[in-house]
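**Q** no sequence on this one, just coordinates:
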């Protein structure tokens, strides 16, 4: 996972750590929701909360986008990036190597192809592909939170993760690696309901922690809270509950539509080729039921 915790990133990481069907080998961090020193600290806090500090390494990554100025989302996630719960300050140290170095090492040393799950800006992924193009052959696919076929949440056209570093997104989408785009078209539908949040609060210590940070998320309304990044893990485990469509995705890198994910919906360009499976619909009730089941089996 390449991540920028962030409240919904923390929830996604919590599920990835605890689900027995997933084998989380490495966490890398990037500047996004807050600065990279804070996203790294937050990733380490979650991993420590679940007593996995000696099993899941963390490497700090890019401090800023490739070209455009950095803009965080502290207005949504709070100054720390993960407000709402008092975590222990005793956490392990991140790896001495950078995120790109760690990604290269772990991918090339893997006996089987890996899946990358970026839930923040794609700066580390772009740098990885630029510096070590040989890793592409060892990547099964990328399941990335980001993008939209409709309205954005950073501008009218752009979703936050892509807007944060559109040049990195362009490199990733042009890399020739299979991509699943888990964007706002599904994540704005898969709200964790207030009923779900009330249930997890009393389930166990993990449920209490997740409840407390999630209700502090600024991305909520009367129907619930959008847990954008958690949808990547939901897709990995239960793709049957999402509808996808193969499309070619281009990334706008300038002007008022900067950061927009432009889909060739009419198949008018690119000779009919596609570069992504784009999630277009989701069973929101199944998402809530699944999340409650995941929290129920979490151990601390």
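**A** Right, received. Where do you want to start? In this text, all values refer to a predicted model and were calculated from it rather than measured experimentally.

**Q** Now do the helix or strand where residue 232 lies: which elements does it pack against?
**A** Here residue 232 is covered by helix 230-237, with elements defined by DSSP states H and E. Judged by 3 or more CB pairs under 8 Å, 6 or more residues apart in numbering; DSSP states H and E, the packing partners of helix 230-237 are helix 7-18, strand 139-145, strand 179-182, strand 276-282, helix 284-296. Quick note: C-beta positions are derived from backbone N, CA and C, even for glycine.

**Q** Using a markdown table, lay out the ones you listed together with distance to residue 172 and mean pLDDT.
**A** Below are these laid out as a markdown table (distance: least, CB to CB, whole Å; pLDDT from 0 to 100):
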| stretch | distance to residue 172 | mean pLDDT |
| --- | --- | --- |
| helix 7-18 | 18 | 97 |
| strand 139-145 | 7 | 98 |
| strand 179-182 | 7 | 98 |
| strand 276-282 | 10 | 98 |
| helix 284-296 | 25 | 98 |
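
**Q** Save the ones you listed as a markdown table, and put in distance to residue 112 and mean neighbour count too.
**A** Converted to a markdown table, these look like this (distance: least, CB to CB, whole Å; neighbours: other CB atoms under 10 Å):
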| stretch | distance to residue 112 | mean neighbour count |
| --- | --- | --- |
| helix 7-18 | 18 | 26 |
| strand 139-145 | 8 | 22 |
| strand 179-182 | 19 | 26 |
| strand 276-282 | 21 | 21 |
| helix 284-296 | 24 | 18 |
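
**Q** Of all those, which one is nearest residue 248?
**A** Residue 248 lies closest, by CB to CB, to one member of the helices and strands packed on helix 230-237: strand 276-282, at 7.4 Å.

**Q** mind listing what the closest one pairs with, with the direction of each?
**A** strand 179-182 (parallel), strand 242-247 (antiparallel) (DSSP bridges).

**Q** and residue 219, which of those strands is closest to it?
**A** Smallest distance to residue 219 across those (CB to CB): 15.5 Å, for strand 179-182.

**Q** Mind checking what helix or strand follows the closest one in sequence?
**A** Moving toward the C-terminus from strand 179-182, the next helix or strand (DSSP H and E) is helix 184-187.

**Q** Now do that next one: distance to the chain's middle.
**A** Distance, stretch centre to chain centre, for helix 184-187: 13 Å (CA atoms, centre = their mean, to the nearest Å).

**Q** distance between the helix or strand following that helix and the chain's centre?
**A** Remark: after helix 184-187, the chain's next helix or strand is strand 191-192, criterion DSSP H and E. Averaging C-alpha positions (CA atoms, centre = their mean) puts strand 191-192 16 Å from its chain's average.

**Q** What is the burial count for residue 154?
**A** 17 (other CB atoms under 10 Å).

**Q** Let me see the contact set for it.
**A** Contact analysis of residue 154 by CB atoms under 8 Å, 6 or more residues apart in numbering lists 160, 163-164, 259.

**Q** Select from those residues the one having the most neighbours.
**A** Among the contacts of residue 154, the one with the most neighbours (other CB under 10 Å) is residue 164, at 29 neighbours.

**Q** how about the helices in this structure?
**A** All helices of the chain, identified by DSSP state H, fall at 7-18, 36-49, 74-77, 99-109, 123-131, 160-164, 166-173, 184-187, 194-201, 205-214, 230-237, 284-296.

**Q** re earlier: what sits up against the helix holding residue 232?
**A** 8, 11-12, 15-16, 19, 21-22, 115, 117, 119, 143-145, 180, 182, 186-187, 190, 241-242, 279, 282, 287, 290-291.
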